[in-house]
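Participant: what would the 3D arrangement of this be:
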Amino acid sequence: MAGTRLPLSFYQSYNTRTLAQKLLGCELVHESAEGTTSGIIIETEAYLSDDPACHAYNRRTSRTEPMYQQAGTIYVYLIYGMYQCFNVVSNEAGIGEAVLIRALEPRQGVDLMQQRRQEIRGKAGITFKTKPVSIKELCRGPGKLVKAMGIDRALHNNLTLDNELIYINSADNEELPIVTTTRIGINVGADLPLRYYLRDNIFVSKP
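Facilitator: Now for the predicted structure:
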């Protein structure tokens, strides 16, 4: 089992690159009205203020405003008009940086995660179900994990991780086999070694 809930001071103690590695092995938890779901963070990516792939690279906007808040703030954004991504804001307030959570190893509420992943909202708001999703694929990617965990931009964006709904528990063991490599799924800054994952973990989004 994971350890104690991380205080905001934890996120404020490290630069973005280090925080992206320190979060590996920790447990992301969401306590919703439907039930509790959680997963061990096994893959992250760092996004820096001078990094062309970072949302805060060009200018400060209403969309990126959470990135400029204190470290430990939640930044949830929408991509392709349909997928949401969960980020932990890092660095000092006023500097737009964050850590993207790319993949989780499911722990609590697996049945609820599978139910959420099966539900697809079609045209006219009609919801239908797809075939069951394997445990391995539940949280294997940033958009997948947000849906499985029931995280929503409208509800959770700009909250801080000391709230009662979404928080992160500390890792049991800091001696983890971390792989450092280049990021994936981006067109600029793809050559920067800012992606981190746990070696030999089957839940990593892409080896």
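
Participant: so what strands line up beside the top strand by length along the chain?
Facilitator: Looking across the chain with DSSP state E, the single longest strand is strand 35-47. With DSSP bridges as the test, strand 35-47 is paired with strand 27-32 (antiparallel), strand 98-106 (antiparallel), strand 195-198 (antiparallel).

Participant: any buried residues in that strand, and which?
Facilitator: By neighbour count with 16 or more other C-beta atoms under 10 Å, strand 35-47 contains the buried residues 37, 38, 39, 40, 41, 42, 43, 44, 45, 46, 47. From N, CA and C alone the C-beta is placed, and that goes for glycine too.

Participant: repeat that for stretch 129-149.
Facilitator: By 16+ other C-beta under 10 Å, the buried positions in stretch 129-149 come out as 133, 138-149.

Participant: which of those fall within strands?
Facilitator: Nothing among the buried residues of stretch 129-149 maps onto strands, per DSSP E.

Participant: now for these, which pair is the farthest apart?
Facilitator: Taking C-beta to C-beta, the two most distant members of the buried residues of stretch 129-149 are 133 and 142; they sit 15.5 Å apart.

Participant: now, which of the buried residues of stretch 129-149 lie within helices?
Facilitator: Members of the buried residues of stretch 129-149 lying in helices (criterion: DSSP state H): 138, 142, 143, 144, 145, 146, 147, 148, 149.

Participant: now the phi/psi pair for the closest residue to the second one other than its chain neighbours, please.
Facilitator: Distance criterion C-beta to C-beta, 6 or more residues apart in numbering; nearest residue to residue 142, sequence neighbours excluded, is residue 85 at 4.4 Å. In this entry, residue 85 is assigned phi and psi values of phi -130, psi 140 (degrees, to the nearest 10).

Participant: burial count for residue 85?
Facilitator: Neighbours of residue 85 under the rule other C-beta atoms under 10 Å: 21.

Participant: do the same with the one 3 residues further on
Facilitator: Other residues lying near residue 88 total 24 when counted by other C-beta under 10 Å.

Participant: and it, which helix or strand is it part of?
Facilitator: Following DSSP states H and E, one finds residue 88 within strand 83-89.

Participant: contacts for that strand, please.
Facilitator: By C-beta atoms under 8 Å, 6 or more residues apart in numbering, the residues outside strand 83-89 that reach it are 11, 19, 23, 28, 47, 66-67, 69-79, 97-101, 142-143, 145-147, 149, 151-153, 161, 168.

Participant: report the central residue of the protein.
Facilitator: Taking C-alpha atoms, centre = their mean, the centroid of the chain lies closest to residue 101, which sits 2.6 Å from it.

Participant: correct me, but that residue touches residue 20?
Facilitator: No. Residue 101 is not in contact with residue 20 according to C-beta atoms under 8 Å; the separation is 9.4 Å.

Participant: what sits in contact with each of the two?
Facilitator: Going by C-beta under 8 Å, 6+ apart, residues that sit against residue 101 and also against residue 20 are residue 44.

Participant: any weak-confidence spans in this structure?
Facilitator: Within the chain, the ranges that satisfy pLDDT under 70 run 1-2, 121-128, 173, 207.
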